[in-house]
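Colleague: Kindly return the folded structure for what I paste below:
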Amino acid sequence: QVHVVESGGDLVQFGGSLRLTCAATGYIFSIDAMAWYRQTPGNQRELVATITLGGSRNYADSVKGRFTISRGAAENTVYLQMNSLKPEDTGVYYCNAVGVQTTDSWYKSDYWGQGTQVTVSS
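Modeller: Below you'll find the predicted structure:
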């Protein structure tokens, strides 16, 4: 079984910074990519940033230049460094492990974490 856990959400003031952590654990052979999404009440989940196995990164236009996705030293861990935070960045941030292959299967699946709340006050 694969588990994805996010941490690091908090209440922060306008212009502040936070670093979110996502860790995927279990009998994992490989992960094609990891991504961060965010969601606010009544809205769909919005893709914020992705990083592939090869290290390619992509960002939503709304966060370019302010957010950075990176791999952690620990295996299957990614960070989302968020700087110059704005009230519109408020939401629940979810981590998505994409194309996860476990050590006991040829098939790949996607896994989601439970989310971590980020609140930016004005």
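
Colleague: list the contacts for the residue most central in space within the chain?
Modeller: With distances taken as CA atoms, centre = their mean, the residue of the chain nearest its centroid is residue 36 (2.8 Å). Counting by CB atoms under 8 Å, 6 or more residues apart in numbering, residue 36 touches 20, 22, 47-50, 69, 78, 80, 93-96. The way it works is simple: take the backbone N, C-alpha and C, and place the C-beta from them, glycine included.

Colleague: Between the two ends of stretch 14-27, how far is it?
Modeller: 40 Å (CA to CA, to the nearest Å).

Colleague: got the contacts of residue 36 as TSV, with pLDDT and secondary structure columns?
Modeller: Shown next, in TSV, are the contacts of residue 36 (pLDDT from 0 to 100; DSSP: H, G, I helix; E, B strand; the rest coil):
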residue	pLDDT	secondary structure
20	98	strand
22	98	strand
47	98	strand
48	98	strand
49	98	strand
50	98	strand
69	98	strand
78	97	strand
80	98	strand
93	98	strand
94	98	strand
95	98	strand
96	98	strand
